[in-house]
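Undergrad: sequence and predicted structure below; questions after.
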Number of protein chains: 2
Amino acid sequence: MKNVDALIIGSSAAGFAAAITVRRHYPDAGIAMIRQEEKTLVPCGIPYIFGTLGSTGKNLFPDPVLANNDVDLIIGKATAIDREEKTVTLDSGEAIGYEKLLLTTGSVPLIPPIPGVDMENVFSIKKDVAYLDHLLDVLKKSKDVVIIGGGFIGMEMADECRKLNSANITVVEMLSHCLFMVFDEDICVRTEEELAEAGITIRTSQQVKSLGGNGKVEYVELESGERLQADAVILGIGVRPNTKMAQQAGLVLGPTGAVAVDHHMMTSDPHIFAAGDCAEKVSFFTGKPAKTWLASVATAEARIAAANLFEIRRVNKGAVSVFSTKIGNIACGSAGICERDAAQAGIAYVVGAAESPDKHPGSLPNATQLRVKLVFRKYSGTLIGGQVCGGETVGELVNLIAAMIQTEMNADQIATFQMGTHPLLTASPVTYQVVNAAEIALCKMMHLTV
Amino acid sequence: MKNVDALIIGSSAAGFAAAITVRRHYPDAGIAMIRQEEKTLVPCGIPYIFGTLGSTGKNLFPDPVLANNDVDLIIGKATAIDREEKTVTLDSGEAIGYEKLLLTTGSVPLIPPIPGVDMENVFSIKKDVAYLDHLLDVLKKSKDVVIIGGGFIGMEMADECRKLNSANITVVEMLSHCLFMVFDEDICVRTEEELAEAGITIRTSQQVKSLGGNGKVEYVELESGERLQADAVILGIGVRPNTKMAQQAGLVLGPTGAVAVDHHMMTSDPHIFAAGDCAEKVSFFTGKPAKTWLASVATAEARIAAANLFEIRRVNKGAVSVFSTKIGNIACGSAGICERDAAQAGIAYVVGAAESPDKHPGSLPNATQLRVKLVFRKYSGTLIGGQVCGGETVGELVNLIAAMIQTEMNADQIATFQMGTHPLLTASPVTYQVVNAAEIALCKMMHLTV
């Protein structure tokens, strides 16, 4: 029987980050990774297969990274964990012994209990090359595509399908706005408008009653009775943690149904750790359970779990929730708590916002208006959230805000932050949005307390 | 006689930021700003007048900002400060009384003591609309242009002049590399290669002996005796603080020749503050005098000085030095101390570097290799510097590093930093450069101390 020091199950973002981190922290450890798929897809890149990239083959993790880090890649389906024997069994019958086990089994798409979801040409976004190759094939031939769910995946898929062919694309969203779980209303509206201008139909506040057709899907019926023609339907309503094997092995699950972990990412078994979508999370801000299923959270957790395998070295402070997207020509992102969440959580807060071009002077070619809204705790002035809407620089700008949140900077510190600026790369130092938003919030706080 | 609560002399980045900050912090204050120029140029935008923008008129500060903040704009040359009477006299003879005075008089170009620099068609980069209009006019007609000095201004001017016409452009730099005062060698070499590929001649380790011609410049003579043809010569060798009036008023100057200020930005006269290029600076890292003449430092200082005018509210912790630029298609930036500076300052340090595409998967269109190098104190692990070379996101990425420096994050905290990532906007969460560079440095530190 093969025995390894560190055994990783799962090969998406958390699995890769974990493997690299174990190698860096424990240079002598024997490391193996089990995965079911011959090739693994870059998860966040999946929507781009259907437009910008054009094939699944262009959206794969680079496996040589594993060999370069002396990680033994085992292709097979892990079916059971024997915690007494400290082995993992594969569907081939082979068993692999471990000293420490790290679960990065990720999540699986939620399939809503709607009549007709099992018909042909109804798809979810599975991380499976053959499945997505088939979806791409079907989409190429489709004239009417309905996407159920206006979250990240739904909106990004709509945007990319538009690039594929001239299909009629409709996004059906239950809530009053698309992306409403993750952004304040102003950004939701801008992304909806962006897709509408590109010819995509957005139907918000609409519930799906059933899917109809003759074996193959033909239409989506809304609660109102209205029917939307559909050659293909894509379900993008969310995911759930993939915990079946962990549960069968008797590991404790947490309040959201994921594998329970402590702040070292250790499960109820001290020889087993978990990280990423399959592991329970708490909010950085409230300490309460959080469903922050993001690849970036997954990799941060993987770097903690992997470093702790043989010696506790790191503590997880909870999920901050940092993300960005690009819908049409609008990039937007968020770090921490948005204004609506702060209000709902009963947090006393003050907001400051600033908008100006992302180059200076604004007369430069391709200058884009960039808006930053920051949310601060009202009395301490600590930054707890930021939302950004603008151009290509949004991804790193939201990371700047994420760093300011994680280091608990307050409004005054941010208002005097020393940034670098350049005409072609950023706003001017006078109008720099993050600094001005902080100063505006600070002045509100000062006048409130005078 | 006009009397104001806050009088600002100077109307560049620091002046504008100061005016807005006084208004925000002291809503009832009467504020006036004195400047010599009808219109003021965006200082960092000046090189782009000569290529991308095409005119000085497209590179002006938006004066309506002043009116919107109820700032009284006085066009005139301030000639003297009477500290007893607390008045400033203009060249018109008019005097203006102040309660608090804020000097943001900036810097003036250094003119090297080279024979021939006073000839026609020899220019420095003055913040003067008419002067730069004339330079633009001369450059349009020039066949051979020599730029003396391969710093930011020299390199950016060379890149922009190339866009203007098909002139032969030569950059002459005294040091062994262009940009060698601000970047480690690897980035210097990449920018030199970028300009060379665009057809610009780079002459490093070359000193200029004299300029020759018949009233009008015709050539630049190097120490070697070699002559470079020149219809126009641009001097870009640096600036010096503009302190004449402050000195005449008896304000104490500091070790670099700028107006001495304490950590509240107050000069030797408690009613007079100074900020920006005209004010003394110390390094955030060493506390020693620093010549950090950047618009971004100037505005941060202005926000401190302005908030402190009538009540001490803020402390200046010293200049971090954060900047970015774009030369050809390469964007590069730096925050804090570069590796060479750390070595020269006798700081024990460890470096970690990581490179990967700035989109993910790397097969996405326009993905650019992005390299990050981080410098940490060897024993505490505190981040003290970072250099970045890549594409359009470099400007905000260097600001992320700047925030990590200013909040004194250490390598372990950065290695577990929760960033946001998106295929079209950032590197993958697995390869995210800042996090991986920190982890690499951390592992070096751990193995060193085992």
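TA: On my side now, so go ahead. Keep in mind that this is a model prediction, so the values were computed, not measured.

Undergrad: where does the stretch 1-150 of chain A get nearest to chain B, which residue?
TA: A:K58 (4.2 Å; Cβ to the nearest Cβ). C-betas here are computed from N, CA, C, even on glycine.

Undergrad: list phi and psi for A:T79.
TA: Here is the backbone geometry of A:T79 (degrees, to the nearest 10): phi -110, psi -20.

Undergrad: so what's the residue of the stretch 1-150 of chain A closest to chain B up against?
TA: Contacts were defined as Cβ atoms under 8 Å, 6 or more residues apart in numbering or on different chains; by that measure A:K58 touches A:49, B:361, B:363.

Undergrad: using JSON lines, lay out those together with secondary structure.
TA: Output for the contacts of A:K58, formatted as JSON lines (DSSP: H, G, I helix; E, B strand; the rest coil):
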{"residue": "A:I49", "secondary structure": "helix"}
{"residue": "B:P361", "secondary structure": "coil"}
{"residue": "B:S363", "secondary structure": "coil"}
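
Undergrad: can you tell me which of those residues has the most neighbours?
TA: Per-residue neighbour counts (other Cβ atoms under 10 Å in any protein chain shown) across the contacts of A:K58 peak at A:I49, which has 26 neighbours.

Undergrad: who does A:A331 form a beta bridge with?
TA: A:K326, A:G390 (DSSP bridges).

Undergrad: so it sits against A:E396, correct?
TA: No - the pair A:A331 / A:E396 is not scored as a contact, 10.6 Å apart, by Cβ atoms under 8 Å.

Undergrad: where do the contact lists of the two overlap?
TA: By Cβ under 8 Å, 6+ apart, A:A331 and A:E396 have these common neighbours: B:L425.

Undergrad: before we move on, the earlier item: which among the contacts of A:K58 gets closest to A:N3?
TA: Using Cβ to Cβ, the shortest approach to A:N3 within those belongs to B:P361, at 34.1 Å.

Undergrad: tell me how far the closest one lies from A:I125.
TA: B:P361 sits at a distance of 16 Å from A:I125 (criterion: Cβ to Cβ, to the nearest Å).

Undergrad: residue contacts, the residue most central in space within chain A?
TA: Relative to the mean C-alpha position of chain A, the nearest C-alpha, by Cα atoms, centre = their mean, is the one of A:L294, at 2.8 Å. The neighbourhood of A:L294, defined by Cβ under 8 Å, 6+ apart, consists of A:319, A:321-323, B:420.

Undergrad: how many other residues sit next to the nearest residue to A:I153 once chain neighbours are set aside?
TA: Taking Cβ to Cβ, 6 or more residues apart in numbering or on different chains as the measure, A:I153 lies nearest to A:G236, with 3.9 Å between them; neighbours along the chain are not counted. In terms of burial, A:G236 registers 25 neighbours under the definition other Cβ under 10 Å.

Undergrad: what does A:R83 give?
TA: By other Cβ under 10 Å, the burial measure for A:R83, its neighbour count, is 15.

Undergrad: pretty sure it contacts A:P270?
TA: No - look at A:R83 against A:P270 with Cβ under 8 Å: they stay out of range, at 10.4 Å.

Undergrad: how does chain A divide into domains?
TA: A:2-108+A:240-308, A:111-237, A:329-449 (automatic domain parsing).

Undergrad: for those, give me JSON lines that also has distance to B:S428.
TA: Rendered in JSON lines, the data for these read as follows (distance: least, Cβ to Cβ, whole Å):
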{"stretch": "domain A:2-108+A:240-308", "distance to B:S428": "7"}
{"stretch": "domain A:111-237", "distance to B:S428": "15"}
{"stretch": "domain A:329-449", "distance to B:S428": "12"}
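
Undergrad: how far out from the middle of the chain is the longest helix seen in chain A?
TA: Among the segments of chain A that qualify as a helix by DSSP state H, the longest is helix A:433-449. For helix A:433-449, the distance from its own C-alpha centre to the chain's C-alpha centre is 31 Å (Cα atoms, centre = their mean, to the nearest Å).

Undergrad: over to stretch A:430-442?
TA: For stretch A:430-442, the distance between its averaged C-alpha position and the chain's averaged C-alpha position is 28 Å (Cα atoms, centre = their mean).

Undergrad: near chain B, which residues of the stretch 251-400 of chain A?
TA: Of all the residues in the stretch 251-400 of chain A, those in contact range of chain B (Cβ under 8 Å from any Cβ of the partner chain) are A:284, A:294-300, A:303-304, A:313-314, A:316, A:319-320, A:322-326, A:331, A:333-335, A:360-361, A:363-365, A:392-400.

Undergrad: and the strands in the stretch 51-200 of chain A?
TA: Taking DSSP state E, counting those that start in this stretch, the strands of the stretch 51-200 of chain A run over residues A:71-75, A:78-82, A:87-90, A:95-103, A:107-109, A:122-124, A:144-148, A:168-172.

Undergrad: of those strands, which is nearest A:E226?
TA: Distances from A:E226 to each of the strands of the stretch 51-200 of chain A were compared using Cβ to Cβ; the minimum, 10.3 Å, belongs to strand A:168-172.

Undergrad: what's the closest one packed up against?
TA: Other helices and strands packing on strand A:168-172, by 3 or more Cβ pairs under 8 Å, 6 or more residues apart in numbering or on different chains; DSSP states H and E, are strand A:144-148, helix A:152-164, strand A:201-203, strand A:227-229.

Undergrad: what's downstream of the third one, the next helix or strand?
TA: Tracing the chain C-terminally past strand A:201-203 and defining elements by DSSP states H and E, one meets strand A:208-214 next.

Undergrad: about what we covered before: which one's more surrounded, A:A331 and A:E396?
TA: Of the pair A:A331 and A:E396, A:E396 is the one with more neighbours under other Cβ under 10 Å, namely 29 against 26.

Undergrad: show me where the stretch 151-300 of chain A has helices.
TA: Using DSSP state H, counting those that start in this stretch, the helices of the stretch 151-300 of chain A run over A:152-164, A:185-197, A:244-248, A:295-308.

Undergrad: and the third one, what does it pack against?
TA: Read it as helix A:244-248. Under the contact rule (3+ Cβ pairs under 8 Å, 6+ apart), helix A:244-248 is packed against strand A:78-82.
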